[in-house]
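# here is the input, now give the coordinates:
(chains A and B)
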Amino acid sequence: RKEVEQDPGPFNVPEGATVAFNCTYSNSASQSFFWYRQDCRKEPKLLMSVYSSGNEDGRFTAQLNRASQYISLLIRDSKLSDSATYLCVVGMDNYGQNFVFGPGTRLSVLP
Amino acid sequence: SAVISQKPSRDICQRGTSLTIQCQVDSQVTMMFWYRQQPGQSLTLIATANQGSEATYESGFVIDKFPISRPNLTFSTLTVSNMSPEDSSIYLCSVDPWGAGELFFGEGSRLTVL
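Residues are numbered from 1 along each chain as shown, chains lettered A, B, ... in the order given. You can find the predicted model right below:
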């Protein structure tokens, strides 16, 4: 079983749609959780951290369920500019050397 | 944020040769990370480079194949040695300047081995 798994995608949605991505992780001792965004042929960039209480940043909402070892990302009112690959990242601590990147889920928002 | 300059941005190399990738950060950082992203796949950590000590390699990666230098707190190099077509990939340098889990990446070095 892979350490971090994500919805295989791709997701093709119309502008304005709501889309949700799922991620599961295998190591129950994981301590830190993130969503990164990677545009085509670009480097990954942090989208948001994921806290136990969940967190929201504008149209983006992230949830963590430690019992089920599950992380989600919800995007509301999708924009064309949201088209990218979304990477789920899980760490044993907050130090980058212990991060594991999921395979990513590609989103295309269509006009 | 941290600004990372990485070069070369791309290169085409012959098998059996070696290529050194350079990574320069605009601030001093304790650890620098080298990742590989193979075509259509996610990122895999190759090694962590610490200033003043040998790099720490992840399972499946060895120093003879991927020697790393870290001469100071703002610079590191990764060499891909004795290249084969399987080494064709994007190599990314990364730092976590505040130890808070936010990784900043260089733009990557896209390597094609013929």
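
# enumerate every residue touching the closest residue to B:Asn82 other than its chain neighbours.
Spatial nearest neighbour of B:Asn82, excluding adjacent residues (C-beta to C-beta, 6 or more residues apart in numbering or on different chains): B:Gly16 at 6.1 Å. Heads up, the C-betas are built off the backbone N, CA and C, glycines and all. Going by C-beta atoms under 8 Å, 6 or more residues apart in numbering or on different chains, B:Gly16 touches B:82-84.

# okay, and B:Gly16 sits in which element?
Assignment of secondary structure by DSSP states H and E places B:Gly16 within no helix or strand.

# read off the pLDDT value for it.
Per-residue pLDDT puts B:Gly16 at 97.

# repeat that for A:Val100.
91.

# using CSV, write out every CA atom in stretch B:83-101.
Coordinates of each C-alpha in stretch B:83-101 appear next as CSV, following Å, rounded to 0.1, in the frame of the first residue of the first chain:
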residue,chain,number,x,y,z
MET,B,83,23.4,9.0,-16.6
SER,B,84,21.0,6.6,-18.3
PRO,B,85,17.6,7.4,-20.0
GLU,B,86,15.9,6.3,-16.8
ASP,B,87,17.4,9.4,-15.1
SER,B,88,15.3,11.6,-17.4
SER,B,89,13.3,13.6,-15.0
ILE,B,90,12.8,17.0,-13.3
TYR,B,91,15.1,17.6,-10.4
LEU,B,92,13.9,20.2,-7.9
CYS,B,93,15.7,21.9,-5.1
SER,B,94,13.6,22.9,-2.0
VAL,B,95,13.9,24.6,1.4
ASP,B,96,11.7,25.0,4.4
PRO,B,97,13.1,28.3,5.7
TRP,B,98,10.9,28.4,8.9
GLY,B,99,10.6,24.7,9.8
ALA,B,100,6.8,25.1,9.5
GLY,B,101,6.2,22.7,6.7
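
# quick check: bridge partners of the residue nearest to the spatial centre of chain B?
Compute the mean C-alpha point of chain B, and by C-alpha atoms, centre = their mean the closest residue is B:Trp34, 3.4 Å away. Counting by DSSP bridges, B:Trp34 forms beta bridges with B:Ala47, B:Cys93.

# how much space separates it from chain A?
Look at B:Trp34 and chain A: by C-beta to the nearest C-beta, to the nearest Å, they are 11 Å apart.

# need the strands for chain A, in chain order.
Assigned by DSSP state E, the strands in chain A fall at A:4-6, A:11-14, A:19-25, A:32-38, A:44-49, A:55-57, A:60-65, A:70-75, A:84-91, A:99-101, A:105-110.

# could you do chain B as well?
Using DSSP E, strands in chain B cover B:4-7, B:10-13, B:19-25, B:31-37, B:43-50, B:56-57, B:68-72, B:75-80, B:89-95, B:104-105, B:109-113.

# just checking: what are the partner strands of the first one?
Pointing back at strand B:4-7 there. Strand pairing (DSSP bridges) places strand B:4-7 next to strand B:19-25 (antiparallel).

# relative to strand B:89-95, how tilted is the partner strand?
Using axes from the mean of the first three to the mean of the last three C-alpha atoms, to 10 degrees, the direction of strand B:19-25 lies 30 degrees away from that of strand B:89-95.

# sounds good, over and out.
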